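In: the following comprises the amino acid sequence and a computationally predicted model.
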Amino acid sequence: MFDSDSRYNSIETTTMINPSGREVAYIRRRFLPQAPTTSPIVEHVVKQGERLDHITARYLGDPLLFWQLCDVNNAMHPDDLVAELGHRIKITLLQA
């Protein structure tokens, strides 16, 4: 259902019966994982106008892996990581 590098790839799919009796498939809720205890490879300091997908492409080579930076930095909302100038974003590779 999801690409192999998607944050939802390993989340279980299940079904439920809605009030009208129709069966609906959905994926279970994804919780933020505990941040890794490894040291960051580098820290990026947010500058004016930066976007998380561009930062992710620069450091991880794929803008769609922005969710990995969210997980490493314990951010529920991706835009929170670039909302404040000078904010330091930890760049660390997650274990596969």
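Out: Cool, the structure landed. Note that the structure is predicted; figures quoted are calculated from it, not measured.
In: all helices of the chain, in order?
Out: Ranges of helices in the chain, per DSSP state H, are 52-60, 66-72.
In: report the buried residues of the shortest one.
Out: Along helix 66-72, these residues count as buried under the neighbour rule (16 or more other Cβ atoms under 10 Å): 66-72. Bear in mind the C-beta positions are built from the backbone N, C-alpha and C, glycine included.
In: which residue is nearest the centroid of the chain?
Out: The structure's the chain has its C-alpha centroid closest to residue 67; by Cα atoms, centre = their mean the separation is 1.6 Å.
In: hmm, residue 78 and it touching each other?
Out: Yes. Residue 67 lies in contact with residue 78 (Cβ atoms under 8 Å); the separation is 7.4 Å.
In: tell me the bridge partners for residue 25.
Out: Note on residue 25: beta-bridge partners by DSSP bridges are residue 15.
In: and it, how many neighbours?
Out: As a burial measure, residue 25 scores 9 neighbours (other Cβ atoms under 10 Å).
In: can you give me the pLDDT of the closest residue to residue 60 other than its chain neighbours?
Out: Among residues not flanking residue 60 along the chain, residue 68 sits closest, at 6.6 Å (Cβ to Cβ, 6 or more residues apart in numbering). The predicted local confidence for residue 68 comes out at a pLDDT of 86.
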